[in-house]
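K.L.:
could you look at this predicted model? Sequence included:
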Amino acid sequence: FTGLNNLNIMSILNHKYSQFFGFTENEVDKILRYYKLEEKMELVKYWYNGYVFGKTIVYNPWSVVKYIFDANTDREVLPSSYWANTSSNSIVKS
């Protein structure tokens, strides 16, 4: 048995697995409740949902986790565009 010889690729075009390409609203709600941040749900929804794969609306996991980390430290922190400046072309040389 070798490690990766039977691979199936599931993309965002495969509706059966669309809920696995981000956090569902239910998952975000559970995470916020766990950290006692449930009052932030509408704010999180406004900032980080909007990805639609098939018929499933998902939230950006990176941004949700980063915001919850910040909000757990400072309850007054506002959401941010956490994806900004996460990559660059500086390593690409001509």
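P.N.:
Perfect, thanks for sending it. Given the structure is predicted, the values throughout are model-derived calculations rather than measurements.
K.L.:
could you use CA atoms for every contact and neighbour count after this?
P.N.:
Noted.
K.L.:
where do the strands of the protein begin and end?
P.N.:
In the chain, the strands defined using DSSP state E lie at 51-53, 56-58.
K.L.:
quickly compare these and say which is most buried.
P.N.:
Of all the strands of the chain, strand 56-58 has the most neighbours on average by mean count of other Cα atoms under 10 Å, namely a mean of 20.
K.L.:
where in this protein is the helix or strand with the lowest mean pLDDT?
P.N.:
None of the helices or strands of the chain scores lower by mean pLDDT, DSSP states H and E than strand 51-53, at a mean of 85.
K.L.:
return the distance of that one from the chain's centre.
P.N.:
Its chain's C-alpha centre and that of strand 51-53 lie 11 Å apart, by Cα atoms, centre = their mean, to the nearest Å.
K.L.:
can you list contacts of it?
P.N.:
Applying Cα atoms under 8 Å, 6 or more residues apart in numbering, the contact partners of strand 51-53 are 12, 13, 15, 18, 19, 21, 57, 58, 59, 60.
K.L.:
and those residues, which of them are buried?
P.N.:
18, 19, 21, 57, 58, 59, 60 (16 or more other Cα atoms under 10 Å).
K.L.:
read off the pLDDT value for the residue positioned nearest the centre of the chain.
P.N.:
In the chain, the residue lying closest to the centroid (Cα atoms, centre = their mean) is residue 61, at 1.5 Å. For residue 61, the model assigns a pLDDT of 92.
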